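**Student:** Based on what follows, work out the 3D shape:
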Amino acid sequence: MEILLKYLQPFDFNNEEMIQQYEAPLDLSPGSIISHLCNELYLLPVEKQMLTNVVKQKLPYAEGDNTAGERNQKLTFEQLVVKITSESNTDELSKEFTKTFTLFNSPKYLLACLFARYFTNIASVDANITNLEDLRYVRIKVLQFLILWMSETPFTFDKVLINAVKSFYNSISSGHVADEEKIILNSLNDLIEYIMAHQIDTLTSIINRTADHRSIFGPKYVLPVLRKTHPLQVALQIAYIDSIIFQAVNPKDLMAMIGGQISANSCPSIMYLHQHFDALSKFVAFSIIFEKAAKERASIFAIWVEILLELNKVNDFSGVFAVYNGITHPAVARLKTTNNEAWKLISFRTKREFGSIQNITSFYNNFNAYRQALLVRIPPLVPFMGCFQKDWVYFQELNNFHPDDSLIDLHVIHTAYDLYNAFKKYQEIKYNIKEDPEIQIILLNLSKDLPDARKLMQISMLQEQQNG
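**Tutor:** Got it, this is the predicted structure:
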C-alpha cells in the first residue's frame with residue numbers, strides 16, 4: 001500500500017527511494033493502478049506489453065528541430081502520443097488526432113497510452129520522462145488531450161471507456177495534485193458526467209419514424225398527392241428528410257469508412273442513407289412508368305422535373321442526384337413518346353435549368369461541376385454521398401494504415417482530417433423547414449420492395465407495347 005501511494009504521489013517522496021523500488025518505466029504488476037485501469041479496458045496481454053513503448057520510446061528529433069525533415073513526419077503510434085503529450089506546439093495535430101487515430105489503433109489502446117504516460121516511472125533509466133518537472137508538464141498535457149478528445153468525439157466513449165476514465169479520475173483526484181491540475185480535473189469530471197448522461201442514438205429515432213402502420217406507399221397513393229402539391233413544397237420535404245438522415249451519419253462510422261475499415265453495408269447510418277437514396281430514385285422511375293397512358297406518364301415526368309429544379313435551389317444535392325437518376329433511368333429514357341410529350345409540357349426556362357443540373361450530376365472529371373457548385377452554395381446543404389465515397393476510396397488506395405514498419409505518416413492524419421471535416425461541416429447547419437406530415441410519412445415509408453432495374457425495364461417494355 002505504501003508503494004502504491006508513493007506511485008500515485010511521485011512528488012512527495014525521495015527520488016533515490018523510488019529508484020530502489022522501481023526499475024521498469026511502467027508498473028504493470030498486479031495491483032498497480034495502471035494494471036487495474038488496463039483490466040477495466042479489457043486490454044489483451046500483448047497490448048499491455050505494448051504500453052511500455054509509450055513510456056520508453058523517444059521522438060527521433062529534438063523539439064523545435066527544423067532540420068529534422070522527414071524524420072518528424074513518420075512516427076509510431078506510441079511516438080505520436082508522446083509528441084502530443086510533451087510538445088508545446090501540437091494543438092492542431094492533437095485536434096486532428098482525436099478524429100483520425102482510429103485509422104491506426106483502437107480507442108481503448110489510446111486511452112491506455114494516456115494512462116501510461118500519466119503514470120510513467122521517472123526513476124527508471126528506460127523512461128522517456130526523466131524528471132519531476134517534465135512529468136508535471138506531461139500530466140497536464142495528458143489531461144488536456146483527454147478533455148479535448150472527449151469534447152471533440154464524445155461518441156468514442158462507450159460504457160467501458162467512460163468507466164475507465166471515471167476510475168482514472170477517482171484515482172488521481174484523491175491524491176496530491178498541483179493546483180493547475182485540479183482545475184483541469186474539474187473540467188474532466190464535468191465531461192464524464194455529461195457523456196454518461198447524453199449517450200443517444202440519432203439513427204434509431206429516425207428509423208422509428210418510418211414505422212407507419214399503414215401499408216407501404218406506392219404510386220397509387222403518392223401520385224395524387226404529387227399532383228396537388230406545389231413542387232417546392234415536395235422538394236422542401238425531401239430536403240428536410242435527406243438532411244436529417246445525413247446528419248445522423250455516425251462520426252465513428254464516418255472515419256472507419258474513410259479508412260476503409262468497414263463497408264457501407266457494415267455501417268447502419270450510411271447504409272440507411274443509401275437505402276433511402278435508392279428508394280427515392282427507384283420510386284421516381286417507377287412512378288413515371290406506372291401510368292398506362294403516355295400523356296399521364298409525361299405529366300408525372302414533368303412534375304418530377306419541377307421538383308428536381310426546386311431541390312437544386314434548396315441545395316439538396318442528395319435529392320438532386322436521386323431524382324435525376326430516377327428521371328433518366330433507362331426504363332424511363334426508352335419510352336420515347338413519354339419523353340417527347342413530357343418536354344412539350346416543360347418551359348424553355350425549365351429546360352435550361354435542367355441542362356445545368358445535367359452538368360452538376362455528371363461524373364465527368366471527378367465530379368468537377370458538382371464540386372464547383374458546392375463551393376458557391378451557402379448551407380444548409382445536403383451533399384451527394386457518392387462523391388465523398390469516391391474520395392475515400394482514392395485516399396485508401398494511396399495509403400497503407402498498417403505498414404510493416406508501423407510508422408504513421410503525419411500527412412495521412414492531416415488528409416484524413418480534411419476528409420472528415422469536409423463531411424462534418426454539412427452536418428452542423430440545419431434546415432429551418434416546417435414539416436408537412438402527409439408528405440413526410442410518404443417519404444419515410446416508400447416501399448423498399450420497389451422493382452429492381454431489370455423489373456423496371458420489363459414494366460417499361462410492357463407499357464410501350466400495350467399503351468405506346
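**Student:** Point out where the stretch 351-468 of the chain drops to low pLDDT.
**Tutor:** Scanning the stretch 351-468 of the chain for pLDDT under 70 picks out 400-405, 447-448, 467-468.
**Student:** Break down it into its helices, ranges please.
**Tutor:** In order along the chain, the stretch 351-468 of the chain carries the following helices (DSSP state H, counting those that start in this stretch): 364-376, 385-398, 410-424, 437-444, 453-467.
**Student:** for those helices, which one sits closest to Ile288?
**Tutor:** Ile288 lies closest to helix 453-467 among the helices of the stretch 351-468 of the chain, at 9.3 Å (CB to CB). Quick note: C-beta positions are derived from backbone N, CA and C, even for glycine.
**Student:** quick one on the thing from earlier: which of the helices of the stretch 351-468 of the chain sits closest to Leu103?
**Tutor:** With CB to CB as the criterion, Leu103 lies closest to helix 410-424 of the helices of the stretch 351-468 of the chain, at 6.0 Å.
**Student:** Give me the residues contacting that closest one.
**Tutor:** Applying CB atoms under 8 Å, 6 or more residues apart in numbering, the external contacts of helix 410-424 come out as 72-75, 93, 95-97, 99-100, 103, 249, 251, 254-255, 258-259, 383, 388, 391-392, 395, 399, 401.
**Student:** looking at it, Ile288 is touching Val332, isn't it?
**Tutor:** Yes. The pair formed by Ile288 and Val332 meets the contact definition of CB atoms under 8 Å, at 5.1 Å.
**Student:** Please identify every residue contacting each of those two.
**Tutor:** Joint contacts of Ile288 and Val332 (CB under 8 Å, 6+ apart) are Phe301, Gly326, Thr338.
**Student:** And these, which is closest to Asn89?
**Tutor:** Gly326 (51.7 Å).
**Student:** distance of Ile346 from Asn339?
**Tutor:** In this view, Ile346 and Asn339 are 11 Å apart by CB to CB, to the nearest Å.
**Student:** and what of Val393?
**Tutor:** As for Val393, its distance to Asn339 is 34 Å (criterion: CB to CB).
**Student:** Name the residue in these two with the higher neighbour count.
**Tutor:** More neighbours surround Asn339 than the other of Val393 and Asn339, with 18 against 13 (other CB atoms under 10 Å).
**Student:** Show me what the mean pLDDT comes to for the host helix or strand of that one.
**Tutor:** Using DSSP states H and E, the element containing Asn339 is helix 336-345. Helix 336-345 comes out with an average pLDDT of 95.
**Student:** buried sites along that helix?
**Tutor:** Of the residues in helix 336-345, Thr338, Asn339, Glu341, Ala342 count as buried by neighbour count, 16 or more other CB atoms under 10 Å.
**Student:** Same question for stretch 414-422.
**Tutor:** Residues of stretch 414-422 classed as buried under the neighbour-count rule (16+ other CB under 10 Å) are Thr415, Ala416, Tyr417, Leu419, Tyr420.
**Student:** what's the distance between the first one and Asn421?
**Tutor:** Counting by CB to CB, the gap between Thr415 and Asn421 amounts to 11 Å.
**Student:** returning to what we had before: of Ile288 and Val332, who's got more company?
**Tutor:** Of the pair Ile288 and Val332, Ile288 is the one with more neighbours under other CB under 10 Å, namely 31 against 24.
**Student:** quick one: low-confidence ranges for the protein?
**Tutor:** Looking along the chain with the criterion set at pLDDT under 70, you get 1-22, 62-72, 199-217, 400-405, 447-448, 467-468.
**Student:** Show me how it divides into domains.
**Tutor:** 2-197, 202-467 (automatic domain parsing).
**Student:** Would you pull up how far the longest one lies from the middle of the chain?
**Tutor:** For domain 202-467, the gap between its own C-alpha mean and the chain's C-alpha mean amounts to 19 Å (CA atoms, centre = their mean, to the nearest Å).
**Student:** circling back: list of residues touching the helix holding Asn339?
**Tutor:** The set of residues that contact helix 336-345 without belonging to it, under CB under 8 Å, 6+ apart, is 288-289, 294-295, 297-299, 301-302, 305, 332-333, 351, 464, 468.
**Student:** top of these by neighbour count?
**Tutor:** Across the contacts of helix 336-345, neighbour numbers were computed from other CB under 10 Å; Ile288 holds the maximum, 31 neighbours.
**Student:** tell me the contacts of that residue?
**Tutor:** Counting by CB under 8 Å, 6+ apart, Ile288 has contacts Arg297, Ile300, Phe301, Trp304, Gly326, Ile327, Val332, Thr338.
**Student:** and with 10 Å instead?
**Tutor:** Contacts were defined as CB atoms under 10 Å, 6 or more residues apart in numbering; by that measure Ile288 touches 219, 223, 296-304, 326-327, 329, 331-332, 335, 338-339, 342, 456, 460, 463.
**Student:** Can you say which helix or strand has it in it?
**Tutor:** helix 268-290.
**Student:** That helix: what's the following helix or strand?
**Tutor:** helix 294-313.
**Student:** That next one versus helix 453-467: what angle between them?
**Tutor:** For helix 294-313 against helix 453-467, the angle between stretch directions is 140 degrees (axes from the mean of the first three to the mean of the last three CA atoms, to 10 degrees).
**Student:** which strands and helices sit next to helix 294-313?
**Tutor:** Helices and strands touching helix 294-313, by 3 or more CB pairs under 10 Å, 6 or more residues apart in numbering; DSSP states H and E, are helix 219-228, helix 231-247, helix 268-290, helix 317-327, helix 330-333, helix 336-345, helix 348-360, helix 453-467.
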